[in-house]
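*Asks:* When you get a sec, could you give me coordinates for this:
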Amino acid sequence: MIIGRSPLRISIGGGGTDLPSYYLAHGGFVLSAAITQYVYVTFQLTPLKEMLIRYSQIERCKSVDEIKHPIIREALKLTGVHPPNLEITSIADIPAGTGLGSSGSFTTCLLKVLHKQKRHFIHAPELAEMACHIELDLLQEPIGKQDQYIAAYGGITAFEFRQDGRVVASPLDASDEIIDLLEDNLVMVSTGYYRSASAVLKEQHDRSKKNDQAMIDNLHYVRELGHRSREAIERGNLARYGEIMHEHWVHKKKRSPLMSNPDIDRWYELARENGAIGGKVIGAGGGGFLLLYTEEKAKLRAALKREGLMEVKLAFDYEGTKIL
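*Replies:* From the prediction side, this is the model:
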C-alpha cells in the first residue's frame, strides 16, 4: 500500500490574487502557510477485477471513464495509472468545504501517490502545476493556484503569480522566534458553515474576466496587503500584521455579499472586543474557519468558548506533500 499525505493551508495575505482571471492580467501575490492538518490518500492493487474508490462515497467501477469523482478520474487518465484492480481511499483530518484548500491538497496528494506507483519522483513545482492543470484546465474550476502550490511546497511560502503564467516561490525570511510567536498567537475556530469555494469564487472570476473596475481595484489593494503582511512579519511586527488582517477582511467582504453572514460578523466583532487585533474567514469566504491574531489568547479563547465555537489547534507544516 502506498500512503500519501498533503497539508491543508491558511492564507497569510494576498488571497484571491492567485486566480488566473486576475493574475494573468495584473500579476498576483499570496503568502500562504501549510498547517499540520492533512489529507491522506492510499493506493493499492487488489485481487478484485474492479476499481474501488472510497471517499465520502464508495464507487465500484470497471473502467476509469466510469469514475464519478472528477479529480480521481482525470488524475488517473493524466498519469496513465489505471489498472482494472486498483483501490484508492481518501480521508482527511478536516472535512472539505471549510476554506483550508482541501481540494488542492487532495489533488497534489493523489498525484504524488500515483507517481510513486509509477516509481517516478516529482518535484514540488511540477506536482503543483500538474494539480492546477487538472483543476483549472481540465475541470474548468474558477479557483486559484495557491492551494496546490502551498500543499506541494509546505512551510510559510510566498508565491508570485506572474502574467506570463509562471509561479515563483520563496520562503518567508523571518527568525524562528518570530515564526513560533506567530504560530502561537493565531487562533482558528470553526464557524460551522460549509460551502463550495467554486460557488463563492465564480463571482470574482466572472467580474475579473469582465474587467469590473471595483473588483480589480479591490484585488490590487489585497495584493498590496499581501506584500505588507510579509514585510510586517519579516520585521517582527506581528501586531501590525494583525491590523493588516483586519484591513484585509474589511476589503474582502466588499467583493461579494457571500463572503460573510450575520453570525460570522457577530463572532468577529466579539473576537475584536476580546483581544483579537485582526482576523478573517480563511479561503473563499462564506464559512469554514475564522482565523484570528491575538496577543491576549486566554481572554479571546474564553470568549469564543462561551459562544460554543470549536478551536482547532494550529501549527505549521514544513514537509509539504509526501509519501509516508
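*Asks:* The worst-scoring helix or strand of the chain on mean pLDDT: what's the following helix or strand?
*Replies:* Lowest by mean pLDDT, DSSP states H and E among the helices and strands of the chain is helix 197-209, with a mean of 61. Scanning forward in sequence from helix 197-209 by DSSP states H and E, the next helix or strand is helix 213-234.
*Asks:* And the contacts of that following helix?
*Replies:* 12-17, 22, 26-31, 158, 172-174, 178, 182, 204, 207-208, 238, 240-241, 244-245, 247-248, 251-252, 254-255 (CB atoms under 8 Å, 6 or more residues apart in numbering). To be clear about C-beta, it is placed using only N, CA and C from the backbone, and glycine gets the same treatment.
*Asks:* Filter these down to the buried ones.
*Replies:* By neighbour count, with 16 or more other CB atoms under 10 Å, the contacts of helix 213-234 hold 12-17, 22, 28-31, 158, 172, 174, 178, 182, 204, 207-208, 238, 240-241, 244-245, 247-248, 251-252, 255 as buried.
*Asks:* ok, now which ones touch residue 8?
*Replies:* 34-35, 37-39, 92-94, 100-102, 105, 151.
*Asks:* if you set the cut-off to 7 Å instead, what comes out?
*Replies:* Contacts for residue 8 were tallied using CB atoms under 7 Å, 6 or more residues apart in numbering; they are 35, 37, 38, 39, 94, 100, 101, 102, 105.
*Asks:* same question, residue 324
*Replies:* Counted by CB under 7 Å, 6+ apart, residue 324 has contacts 3, 5.
*Asks:* ok, 8 Å please
*Replies:* Contacts of residue 324 (CB under 8 Å, 6+ apart): 3, 4, 5.
*Asks:* any idea which of those residues has the most stuff around it?
*Replies:* residue 4 (25 neighbours; other CB atoms under 10 Å).
*Asks:* Tell me the secondary structure at the nearest residue to that residue once chain neighbours are set aside.
*Replies:* The shortest distance from residue 4 to any non-neighbouring residue, by CB to CB, 6 or more residues apart in numbering, is to residue 113 (4.0 Å). Secondary structure for residue 113, judged by DSSP: H, G, I helix; E, B strand; the rest coil, is helix.
*Asks:* and residue 113, how far is that from residue 68?
*Replies:* 19 Å (CB to CB, to the nearest Å).
*Asks:* neighbour-wise, which of these two wins?
*Replies:* More crowded of residue 113 and residue 68, by other CB under 10 Å: residue 113, with 26 against 10.
*Asks:* Need the pLDDT of the more buried one.
*Replies:* pLDDT recorded at residue 113 is 98.
*Asks:* quick one: low-confidence parts of the stretch 201-324 of the chain?
*Replies:* The stretch 201-324 of the chain contains residues with pLDDT under 70 at 201-210, 284-286.
*Asks:* A strand includes residue 38, no?
*Replies:* Yes - assessed with three-state DSSP, residue 38 lies in a strand.
*Asks:* Contacts only, for it.
*Replies:* 5, 6, 7, 8, 92, 93, 105, 317.
*Asks:* ok, and the closest non-adjacent residue to the second one?
*Replies:* What it means is residue 6. Closest to residue 6 by CB to CB, 6+ apart is residue 109, at 3.6 Å.
*Asks:* Look at the one you found and say how many residues are nearby.
*Replies:* 29.
*Asks:* what's the strand or helix carrying it packed up against?
*Replies:* Here residue 109 sits within helix 102-117, counting by DSSP H and E. Helix 102-117 sits against strand 2-13, strand 28-45, helix 70-79, strand 86-92, helix 124-132, helix 146-153, strand 322-323, with contacts defined as 3 or more CB pairs under 8 Å, 6 or more residues apart in numbering; DSSP states H and E.
*Asks:* Parallel or antiparallel, list what pairs with the last one.
*Replies:* It stands for strand 322-323. Note on strand 322-323: by DSSP bridges, its sheet partners are strand 2-13 (antiparallel).
*Asks:* Now whatever helix or strand comes next after the strand it pairs with: buried residues?
*Replies:* Using DSSP H and E, the helix or strand that directly follows strand 2-13 along the chain is helix 20-26. Residues of helix 20-26 classed as buried: 20, 21, 22, 23 (neighbour count, 16+ other CB under 10 Å).
*Asks:* next one: stretch 305-323
*Replies:* 309, 314, 316, 317, 320, 321, 322.
*Asks:* so what's the second one up against?
*Replies:* By CB under 8 Å, 6+ apart, the contact list for residue 314 reads 10, 35, 183, 186, 187, 188.
*Asks:* Repeat the analysis, applying 10 Å as the threshold.
*Replies:* For residue 314, the contacting residues are 10, 33, 35-37, 182-188, 289, 291, by CB atoms under 10 Å, 6 or more residues apart in numbering.
*Asks:* Relative to residue 76, how far out is the residue nearest to the spatial centre of the chain?
*Replies:* Centroid-nearest residue in the chain: residue 101, 2.7 Å away (criterion: CA atoms, centre = their mean). As for residue 101, its distance to residue 76 is 22 Å (criterion: CB to CB).
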